[in-house]
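Student: pasting the structure only:
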């Protein structure tokens, strides 16, 4: 995967749990960790729902 530190979300994933881990992995330490999530690979059947969950969580950060 080339060191781009992806989050990978399968179709059968718990999307709320995935969103929690993605936001934490991307934004903790202001994203400055070498293992911070930089991209997300997600199954197309759950992508829209995951994006909605991520938007809601990111909106709460500010």
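Tutor: Noted; the coordinates are in hand. Every value quoted in this text rests on a predicted model; they were computed, and no experiment measured them.
Student: In space, what's closest to residue 28 - neighbours in sequence excluded?
Tutor: residue 36 (7.5 Å; C-beta to C-beta, 6 or more residues apart in numbering). The C-beta positions use only the backbone N, C-alpha and C, and glycine is treated the same way.
Student: show me where this structure has strands.
Tutor: 6-9, 39-42 (DSSP state E).
Student: can I get those strands in TSV with mean pLDDT?
Tutor: Shown next, in TSV, are the strands of the chain (pLDDT from 0 to 100):
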stretch	mean pLDDT
strand 6-9	95
strand 39-42	96
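Student: Output those strands as a markdown table; include the columns distance to residue 56 and mean neighbour count.
Tutor: Below are the strands of the chain laid out as a markdown table (distance: least, C-beta to C-beta, whole Å; neighbours: other C-beta atoms under 10 Å):
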| stretch | distance to residue 56 | mean neighbour count |
| --- | --- | --- |
| strand 6-9 | 16 | 17 |
| strand 39-42 | 15 | 16 |
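Student: who touches the residue lying closest to residue 34 once chain neighbours are set aside in this structure?
Tutor: Spatial nearest neighbour of residue 34, excluding adjacent residues (C-beta to C-beta, 6+ apart): residue 5 at 8.0 Å. Counting by C-beta atoms under 8 Å, 6 or more residues apart in numbering, residue 5 touches 25, 34, 35, 36, 37, 38, 39.
Student: Now for residue 37, how many residues are close by?
Tutor: Neighbourhood size, residue 37 [other C-beta atoms under 10 Å]: 20.
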